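**Student:** Next come a sequence and a model predicted from it.
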Amino acid sequence: MFRVLMAMTFVAGLFVFVPATKTYAQDKKSTCEFGADDQRLKGAERKKFLARCMANEDAPKKKAKPKAKKKEETKTGG
């Protein structure tokens, strides 16, 4: 009897949790779209922004490119 009661409680908990997840996704989408509109993104840039926003990804960090060292030519005098 206890197992049946626990199973019913678990299933009831799932019904409470699932709609909240759907609402969260809808709220997040509207927030991401607002961000894209605010930045006036269009086309491929907008799609890329929305995909990253919905996936919880940060923008890739810009790596500092190492400066190329100029080879110092040694002049040998003769």
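**Tutor:** Sure, I can see it. Residues are numbered from 1 along each chain as shown.
**Student:** This protein: helices as residue ranges?
**Tutor:** In the chain, the helices defined using DSSP state H lie at 2-38, 43-54.
**Student:** Lowest average pLDDT across those helices?
**Tutor:** If the helices of the chain are sorted by mean pLDDT, helix 2-38 sits at the bottom with a mean of 79.
**Student:** Give me the helices and strands touching that one, please.
**Tutor:** In terms of contacts (3 or more CB pairs under 8 Å, 6 or more residues apart in numbering; DSSP states H and E), helix 2-38 is packed against helix 43-54. Any C-beta I mention is one placed from the backbone N, CA and C, and that applies to glycine too.
**Student:** quick one, the helix it packs on and helix 2-38 angle?
**Tutor:** 150 degrees (axes from the mean of the first three to the mean of the last three CA atoms, to 10 degrees).
**Student:** Please point out which parts of helix 43-54 sit buried.
**Tutor:** Neighbour-count burial for helix 43-54 flags 46, 49-50, 53 (criterion: 16 or more other CB atoms under 10 Å).
**Student:** and the helices of the chain, which is most packed in?
**Tutor:** helix 43-54 (a mean of 13; mean count of other CB atoms under 10 Å).
**Student:** contacts for it?
**Tutor:** Under the contact criterion CB atoms under 8 Å, 6 or more residues apart in numbering, helix 43-54 has outside partners 28-29, 31-33, 35-36, 39, 41, 58-59.
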